[in-house]
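Asks: Please work out how this folds:
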Amino acid sequence: MLPKSQRLNLKTDFKWVVSGQKLETKYLKLFIKQGENKITRVGIATSSKSFKKATERNRARRLASSAIESVYDRLPKDVNIVALPKASVTGVKSSDVLLDLETVLKNEKIIN
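Replies: Numbering: from 1, shown residues only. I've put the predicted structure just below:
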C-alpha cells in the first residue's frame, strides 16, 4: 500500500481525476489527469455493485494496488490516477494485472 501522502483521499479529488482521460485495460478502468502536484497520487475505488463480497473487494483492491506500486516510480510526477478494478480481476494473478497495466501505460506513452 502506498503511503498516505501518495494517495488520493478526498471525494473531491476522486471526482476531479475522473473528469480526466479514461483508459480501459482488461482488468482495470483507469482515469488519469495531469495536476500541479509534486508527487504522483493514486486512488483505488471498488464498488459493492461489482464485487458483492467484501473479500472480493479487498482482493481486487490489493491486486490493483500492487500493480500500481510496481510502476509507480516510472509514472510522471504531476499525474493523478484513479483505478477501478473490474469484476474479472479477482480470478487472476497479480503478475497478469501488472502486465496488463504496463502494456496500456506504455501504449499511451505515460511510462517508457
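Asks: helix, strand or coil for V82?
Replies: Assigned with DSSP: H, G, I helix; E, B strand; the rest coil, V82 falls in the strand class.
Asks: show me where the chain has helices.
Replies: 11-18, 54-71, 94-107 (DSSP state H).
Asks: To K77, which of those lies closest?
Replies: helix 54-71 (13.7 Å; CB to CB). Just so you know, the C-beta spots here come from the backbone N, C-alpha and C atoms, and that holds for glycine as well.
Asks: what does the closest one rub up against?
Replies: 1-2, 27-28, 42, 44, 46-48, 50-51, 81, 83, 85, 89-90, 92, 94, 97-98, 100-102, 105, 111 (CB atoms under 8 Å, 6 or more residues apart in numbering).
Asks: got it, and stretch 96-106?
Replies: Applying CB under 8 Å, 6+ apart, the contact partners of stretch 96-106 are 23-28, 30, 63-64, 66-68, 70-71, 75, 89, 111-112.
Asks: Using TSV, please lay out the helices of the chain together with mean pLDDT, mean neighbour count and distance to K38.
Replies: Converted to TSV, the helices of the chain look like this (pLDDT from 0 to 100; neighbours: other CB atoms under 10 Å; distance: least, CB to CB, whole Å):
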stretch	mean pLDDT	mean neighbour count	distance to K38
helix 11-18	94	14	15
helix 54-71	95	18	18
helix 94-107	95	16	20
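Asks: who wins for proximity to Q34 among those?
Replies: Closest to Q34 of the helices of the chain is helix 11-18 (CB to CB; 10.0 Å).
Asks: just to revisit the earlier point, out of the helices of the chain, the one nearest E36 is which?
Replies: The closest of the helices of the chain to E36 is helix 11-18. By CB to CB, the value is 11.7 Å.
Asks: what does the closest one rub up against?
Replies: By CB under 8 Å, 6+ apart, helix 11-18 touches 8, 31-33, 41, 43, 45, 80-82.
Asks: picking that back up, now restrict the contacts of helix 54-71 to buried residues only.
Replies: 27-28, 42, 44, 46, 50-51, 81, 83, 85, 89-90, 94, 97-98, 100-102, 105, 111 (16 or more other CB atoms under 10 Å).
Asks: and stretch 83-91, what's its mean pLDDT?
Replies: For stretch 83-91, mean pLDDT rounds to 94.
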